[in-house]
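Q: The sequence and its predicted three-dimensional model are supplied below.
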Amino acid sequence: IKHPLKHKWALWHLSADRNKSWENRLNEICAFDTVEDFWALYNNIRPPSALQWSCDYNVFREGIRPMWEEEQNKRGGRWLISIDKVRHNDLLDIFWLEVLLAIIGEQFGEHGEEICGAVANIRNKGDKISIWTRDASNSAANIKIGEILKKKLLSADLPAHIPHPPFDVLRYENHDEVQNKSGSTVKARLTV
Ligand SMILES: CN(C)c1nc(=O)c2c([nH]1)N([C@@H]1O[C@H](COP(=O)(O)OP(=O)(O)O)[C@@H](O)[C@H]1O)CN2C
């Protein structure tokens, strides 16, 4: 018997193929709804740190595409973890797994239903990991999710050479502001 997860999730991958549109670079890899199938998948794909620059991994609830335009995303936002570019190999993979286990393991309590999924952006300028929530105006839920996320990341078992704290503040950004941003940064609606 396999141990069922509370919900079904799907892994997506954004390829580095510059000749394709963003949407055509985004492919669903496979879905999983048991602990064993999650580990079988996770242990058989490259970790984020081994992907090419400009690739993404996404793990979203089944039925929600990892795109701003999706009905369940468009009024939402993201908790953004910016990973210092020198920490690429150390932190990216550790934090990504922490975030995945917290989400599929329903570690966010009553607010877990607000979570749509997680994204890892592998970028030359510095990697990003984010948790997308469905309602940017639900500050009570988003703050609770951010606090639980921060506590989880700070309690992760990090290599000795990583200075503490391993990241700056976590910022919550609204998707519609990220999507239509003019400058390089977007105002943080919440920080923890
Ligand atoms: C339906 N559709 C086209 C569409 N729908 C989307 O949902 C969506 C996009 N396009 N994205 C495109 O990637 C660029 C980099 O964003 P980035 O978050 O990778 O960040 P970087 O600037 O590469 O660090 C975005 O500027 C956007 O062009 C990103 N994105 C989430």
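A: Looks like it came in fine. As the structure is a computational prediction, the values presented were derived from the model and not from experiment. Numbers count the residues shown, from 1 in each chain.

Q: number of nearby residues for A120?
A: Residues within reach of A120, counting by other CB atoms under 10 Å, total 27. In short, each C-beta sits where N, CA and C put it, glycine included.

Q: Please identify which helix or strand holds it.
A: strand 115-121 (DSSP states H and E).

Q: Note down every partner strand of that strand and its orientation.
A: strand 56-61 (antiparallel), strand 127-133 (antiparallel) (DSSP bridges).

Q: Of those, which stretch is the most buried?
A: strand 127-133 (a mean of 24; mean count of other CB atoms under 10 Å).

Q: Which residues does the next helix or strand after it contact?
A: Using DSSP H and E, the next helix or strand after strand 127-133 towards the C-terminus is helix 139-154. Helix 139-154 is contacted from outside by 77, 79, 81, 95, 98-99, 102, 107-109, 111, 114-115, 131, 133, 135-136, 164-167, 170, 172, 189-190, 192, using CB atoms under 8 Å, 6 or more residues apart in numbering.

Q: Among those residues, which lie within strands?
A: Under the assignment DSSP state E, these contribute G77, W79, I81, I115, I131, T133, Y172, L190 to strands.

Q: Which strands and helices lie in contact with the lowest-mean-pLDDT helix or strand in the chain?
A: Ranked by mean pLDDT, DSSP states H and E, the weakest helix or strand in the chain is helix 88-104, scoring a mean of 93. Packing partners of helix 88-104 (3 or more CB pairs under 8 Å, 6 or more residues apart in numbering; DSSP states H and E): strand 4-14, helix 35-42, strand 56-61, strand 77-83, strand 115-121, strand 127-133, helix 139-154.

Q: mind redoing it with 6 Å?
A: Packing contacts for helix 88-104, counted by 3 or more CB pairs under 6 Å, 6 or more residues apart in numbering; DSSP states H and E, involve strand 115-121, strand 127-133, helix 139-154.

Q: From L153, how far off is the residue lying closest to R134 once chain neighbours are set aside?
A: Of all residues not flanking R134 in the chain, G76 sits nearest, at 4.6 Å (CB to CB, 6 or more residues apart in numbering). Plainly put, G76 is 21 Å away from L153 if you go by CB to CB, to the nearest Å.
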